[in-house]
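Asker: just a sequence and a predicted model for now, questions to come.
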Amino acid sequence: MVASLRVALIWPWLAGAGLTCASDMADAADIHHGEGAFVRQCALCHTIDKGGPNRFGPNLFGIVDRRAGTIPGFHYSAAFKDTASWDWNVDALRGWISAPKQMVPQSPMSVFQGVSDRDRDDIIAYLATRK
Ligand code: HEC
């Protein structure tokens, strides 16, 4: 995953260099697909722009590698504040967006069923570009 995240991070640069989505880069996360999946599945509750407002969930700009539960002005649930003492690395994000209910059962995000395996890593790669 480290390798594919690295590919993900240089992807906008590659795209700028005139390369298109390459099927031989099978391991690479698809940021464009991840953005679409974010809009469909996360944007209802989360903004992602720098300085964007908190909605039902906190603004997610710069969330990758950030300490959980530290977005200013957002009122986290008691369950989340009690449990979420990790940094949002790729593994933590994978668990959370696949099955929030398993990581923090009482969190209000648990109403969200979680993303499919197909969308998961692309969404995380997209999040990693937003910082
Ligand atoms: C139904 C609304 C809802 C949806 C849909 C939703 N979330 Fe959330 N999310 C929340 C809420 C509410 C919280 C705060 C959790 C708490 O306080 O218990 C949260 C918290 C988070 C956090 C932790 C933020 C922090 O500051 O530690 C991340 C990361 C996150 N969501 C990512 C996502 C992603 C990515 C998606 C889409 C795949 C998504 N969420 C979909 C409501 C939602």
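Answerer: Sure thing, it's come through. Numbers count the residues shown, from 1 in each chain.

Asker: which residue ranges form the helices in the chain?
Answerer: 2-16, 31-41, 78-83, 90-98, 100-103, 117-129 (DSSP state H).

Asker: and the shortest one, what does it pack against?
Answerer: Helices and strands touching helix 100-103, as assessed by 3 or more C-beta pairs under 8 Å, 6 or more residues apart in numbering; DSSP states H and E, comprise helix 90-98. For the C-beta atoms, the positions are set from N, CA and C on the backbone; glycine is no exception.

Asker: any chance of CSV for the helices of the chain, columns mean pLDDT?
Answerer: Shown next, in CSV, are the helices of the chain (pLDDT from 0 to 100):
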stretch, mean pLDDT
helix 2-16, 48
helix 31-41, 98
helix 78-83, 97
helix 90-98, 98
helix 100-103, 96
helix 117-129, 97
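
Asker: return the most buried member of those.
Answerer: helix 117-129 (a mean of 21; mean count of other C-beta atoms under 10 Å).

Asker: show residues contacting stretch 85-101.
Answerer: 1, 5, 42, 63-68, 102-103, 107, 109-110, 112, 114-115, 117, 120-121, 123-124, 127 (C-beta atoms under 8 Å, 6 or more residues apart in numbering).

Asker: ok so, going back, between the helices of the chain, which one is nearest to the ligand?
Answerer: Distance to the ligand, taken as C-beta to the nearest ligand atom, is lowest for helix 78-83 among the helices of the chain, at 3.2 Å.

Asker: from the chain's centre, how far out does that closest one sit?
Answerer: Mean C-alpha position of helix 78-83 versus that of the full chain (C-alpha atoms, centre = their mean, to the nearest Å) differs by 20 Å.

Asker: Asn54 is nearest to which of the helices of the chain?
Answerer: helix 78-83 (13.5 Å; C-beta to C-beta).
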